[in-house]
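A.B. asks: Task: produce atomic coordinates for the following.
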Amino acid sequence: MSARRLLGTKRYCKLLIAQVVSGSGDWFATVALLALVYEISGSAVAVGGMLALRLMPGAVAGPIAAKLAHRWDRRRTMVAMDFARAGIVMAVPMVRSLAWVLGWVFAMEMATLIYLPARDASTRDLVDTDDDLPVANGLLMGGSYGTLPISAGIFAAYTAGPQLTSLPGGQLAPAFWIDAATFLFSGFVIATLKSLSNRIDSPELTGRLRDALQIPLVRSAIFPVVTASLGLGTVFSLGIAFITGTLGAGDSQFAIFVLLFGVGAVIGVGTLQLLKPDDYVLEMWRGMLTLGAVLALMGIAPKLWLAYLAAVAFGTASAYAIDAAVSGLQVRLDEERRVLAFTVFHIGLRVSLGVGAVLAGALADILGKAGVLDPIRIVMFGAGLVVLVATLPTRDRLGDR
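C.D. replies: This next block holds a predicted model:
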């Protein structure tokens, strides 16, 4: 089994352990950050503004990440960003000012957007064969996102315990200190990966972000990635309103909906591993096409159980497409081009997720105020069609680039 072989590969396990530990701490601090912003401001709008602020660093962090990819090796980049994030989260609770907190949120997201391309560009060099890449990437995704419910549960237990208001930074400060410790742990672990210290110099690449867009594969792949991410953002924005409002279910049914999305994601990663395709990039195209079709069908699902089936299918298609995209870039590009490519990939993915969420919510609100019947269904169905129509013609461009 590929997973068993991967877990027996010491160099890959170091990266995975670092990701799981830092991911757990990061979600723990993220939940605390939401509580801190609300505690300081007393405003749900401020919490939404904090989340929206996480979209902005792409324009700043992208060029910086490209320059670092040109000048630093991947190990040095990841270690520097882990240590930088440790310092950032330590500073967050020290001053009870909304502007202070939001400023550090912006800096934190910048550091993360520099870290992720170096991490994803490294995975191929830490596994034994390219056949291991889908599972390797899937495990890293699990380390990044699968720890959320555990961290949220620990935070809930912590806040239900004794109040430690006398601490510097207040009751929530230990959550940020724990997060800082996990980043330091990750940095020290990654520092031992000496095989990532080599960097290939490409004279035609000058370390500018636009160099990545000169790579034919990146130029061809980024458009369907961004389009599909807009669809993902739509579900993140409207999912709870669709389940609890349109279908008349409750919060527990929405929790099941989210759980089934996670089940589908596991199926998607496993399916890609079983298929072992010759061309991961074309599999990305098929996954994103399926994502659009499922989103459109989800929007017109008349019953809760059909929405549940759509959640599994949507999670499967999303994870399949993203895992295939990451694996395809890893296989087809050399080291320095990989870092530049993943810089563009993560900026496009994260920004378009946020933009899709904001646009979907705003459009549904506008249609609702205009008296349009079932605005949530209309927006979800329309978003699915947009993903389908935009992705369909890109297949030929993704061929042998």
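A.B. asks: mind listing the helices for the stretch 51-200 of the chain?
C.D. replies: 58-71, 74-91, 98-122, 133-145, 148-159, 173-190 (DSSP state H, counting those that start in this stretch).
A.B. asks: of the ones you listed, which approaches residue 40 most closely?
C.D. replies: Closest to residue 40 of these is helix 98-122 (Cβ to Cβ; 5.2 Å). Where C-beta positions appear, they are placed from N, C-alpha and C, glycine not excepted.
A.B. asks: Can you give me the buried ones in the closest one?
C.D. replies: Buried residues in helix 98-122, defined by neighbour count with 16 or more other Cβ atoms under 10 Å: 101-122.
A.B. asks: just stretch 273-280 next, same as before
C.D. replies: 273, 280.
A.B. asks: quick one: average confidence on it?
C.D. replies: Throughout stretch 273-280, pLDDT has a mean value of 82.
A.B. asks: what's in contact with that stretch?
C.D. replies: 2, 131, 133-135, 138, 272, 283, 324-325, 327-328, 331 (Cβ atoms under 8 Å, 6 or more residues apart in numbering).
A.B. asks: I'd like those residues written out as TSV, with neighbour count added.
C.D. replies: Formatted as TSV, the contacts of stretch 273-280 follow (neighbours: other Cβ atoms under 10 Å):
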residue	neighbour count
2	20
131	14
133	24
134	28
135	23
138	26
272	27
283	22
324	29
325	25
327	29
328	24
331	14
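A.B. asks: The stretch 201-350 of the chain: helices as residue ranges?
C.D. replies: Counting by DSSP H, counting those that start in this stretch, the helices of the stretch 201-350 of the chain are 209-213, 216-241, 251-275, 280-299, 304-332, 335-369.
A.B. asks: ok, and what's touching stretch 313-322?
C.D. replies: With Cβ under 8 Å, 6+ apart as the criterion, stretch 313-322 contacts 138, 141, 228, 232, 235, 260-269, 271-272, 283-284, 286-288, 290-291, 294-295, 298, 349.
A.B. asks: in that stretch, what counts as buried?
C.D. replies: Going by neighbour count (16+ other Cβ under 10 Å), the buried part of stretch 313-322 is 313, 314, 315, 316, 317, 318, 319, 320, 321, 322.
A.B. asks: among the helices of the stretch 51-200 of the chain, which is nearest residue 240?
C.D. replies: Nearest of the helices of the stretch 51-200 of the chain to residue 240, taken as Cβ to Cβ: helix 148-159 at 15.9 Å.
A.B. asks: picking that back up, how about the helices of the stretch 201-350 of the chain in JSON lines, adding distance to residue 389?
C.D. replies: Listed next are the helices of the stretch 201-350 of the chain as JSON lines, based on distance: least, Cβ to Cβ, whole Å:
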{"stretch": "helix 209-213", "distance to residue 389": "23"}
{"stretch": "helix 216-241", "distance to residue 389": "9"}
{"stretch": "helix 251-275", "distance to residue 389": "23"}
{"stretch": "helix 280-299", "distance to residue 389": "8"}
{"stretch": "helix 304-332", "distance to residue 389": "16"}
{"stretch": "helix 335-369", "distance to residue 389": "15"}
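A.B. asks: For residue 86, which of these is the nearest?
C.D. replies: helix 335-369 (20.6 Å).
A.B. asks: Next, the angle from the closest one to helix 304-332.
C.D. replies: Angle, helix 335-369 to helix 304-332, by axes from the mean of the first three to the mean of the last three Cα atoms, to 10 degrees: 160 degrees.
A.B. asks: So, low pLDDT: which residues of the stretch 201-350 of the chain?
C.D. replies: The model of the stretch 201-350 of the chain has pLDDT under 70 over residues 201-212, 251, 335-336.
A.B. asks: what sits against residue 307?
C.D. replies: By Cβ under 8 Å, 6+ apart, the contact list for residue 307 reads 242, 243, 247, 257, 298, 301.
A.B. asks: Grab the nearest non-local neighbour of residue 218.
C.D. replies: Among residues not flanking residue 218 along the chain, residue 341 sits closest, at 4.8 Å (Cβ to Cβ, 6 or more residues apart in numbering).
A.B. asks: no wait, residue 116
C.D. replies: In space, residue 116 is closest to residue 346, 4.7 Å off (Cβ to Cβ, 6+ apart).
A.B. asks: Let me know the distance separating that neighbour from residue 325.
C.D. replies: Per Cβ to Cβ, to the nearest Å, residue 346 is found 11 Å from residue 325.
A.B. asks: same thing with residue 4?
C.D. replies: 25 Å.
A.B. asks: before we move on, what about residue 37?
C.D. replies: Going from residue 37 to residue 325 by Cβ to Cβ gives 33 Å.
A.B. asks: now residue 318
C.D. replies: Taking Cβ to Cβ, one finds residue 318 at 11 Å from residue 325.
A.B. asks: With residue 345 instead?
C.D. replies: From residue 345 across to residue 325, the span is 7 Å (Cβ to Cβ).
A.B. asks: Find the residues that touch each one of those two.
C.D. replies: Residues touching both residue 345 and residue 325 (Cβ under 8 Å, 6+ apart): 221, 225.
A.B. asks: which residues does the closest residue to residue 120 other than its chain neighbours contact?
C.D. replies: Distances taken as Cβ to Cβ, 6+ apart put residue 342 closest to residue 120, at 4.5 Å, once the chain neighbours are dropped. Contacts for residue 342 (Cβ under 8 Å, 6+ apart) come out as 116, 117, 118, 120, 121, 326, 329.
A.B. asks: Out of these, which comes closest to residue 305?
C.D. replies: Set against residue 305, the nearest of the contacts of residue 342 by Cβ to Cβ is residue 326 (32.3 Å).
A.B. asks: picking up where we left off before, which one of the contacts of residue 342 is nearest to residue 155?
C.D. replies: The nearest member of the contacts of residue 342 to residue 155, counting by Cβ to Cβ, is residue 116 at 23.6 Å.
A.B. asks: Correct me if wrong: the closest one contacts residue 349.
C.D. replies: No: the pair residue 116 / residue 349 is not scored as a contact, 9.3 Å apart, by Cβ atoms under 8 Å.
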